[in-house]
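A.B. asks: need a 3D model of the following:
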Amino acid sequence: MKKIVVINGPNLNMLGIREPGVYGDVSLAAIGQQLESLAPQLGFEVEMFQSNHEGAIIDRIHQAYSDADGLLINPGALTHYSYSLRDAISSVNLPTVEVHLSNIHKREEFRHTSVTAPVAIGQIAGFGAYGYELGLLALHKHFGSQGG
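C.D. replies: Next comes the predicted model:
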């Protein structure tokens, strides 16, 4: 069974409370439950991780090098400026899918650029909490196309 670490960046612990008109009313815990239900059907084990601290997120990505097979990440605002996060993803060389609840390309101009997307196998944006499930499905398809 492949292990996928689901990493959530700053402010995502406030899902369901923070700007529900933009991010929806589903909590991060509920998203985790949805993924834990779907994962076994795909041959995955998932581990949820959230931090409001960039260094803690980078540390978890580094740890994933030795204990995970892939990453599903919602970097939050770090998406748009964190070159250290980008470098951490690149350094572990694990298949990574970037996910965003809102369509970042329909929002403020500064949100249109992702510094992390170029080191991911793909980006999913604008489907709310369902985007996380789509991310797991994308990783499943990726591993299948790689022969494992």
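A.B. asks: am I right that residue 72 is in a strand?
C.D. replies: Yes. Residue state for residue 72 (DSSP: H, G, I helix; E, B strand; the rest coil) corresponds to a strand.
A.B. asks: what sits up against the longest helix along the chain?
C.D. replies: With DSSP state H setting the assignment, residue counts place helix 130-145 as the longest helix in the chain. In this structure, residues lying in contact with helix 130-145 by CB atoms under 8 Å, 6 or more residues apart in numbering are 2, 4, 6, 31, 34-35, 38-39, 42-44, 46, 69-70, 72, 74, 95, 97, 99-101, 121-122, 124-125, 127. For every residue, glycine as well, the C-beta is placed using N, CA and C.
A.B. asks: residue 28: neighbouring residues, count only.
C.D. replies: 19 (other CB atoms under 10 Å).
A.B. asks: which non-adjacent residue is nearest it?
C.D. replies: Leaving out its chain neighbours, the residue that sits closest to residue 28 by CB to CB, 6 or more residues apart in numbering is residue 15, at 4.7 Å.
A.B. asks: measure the one you found to residue 32 for me?
C.D. replies: 10 Å (CB to CB, to the nearest Å).
A.B. asks: between these two, who's got more neighbours?
C.D. replies: Using other CB under 10 Å, the more surrounded residue of residue 15 and residue 32 is residue 15, with 23 against 18.
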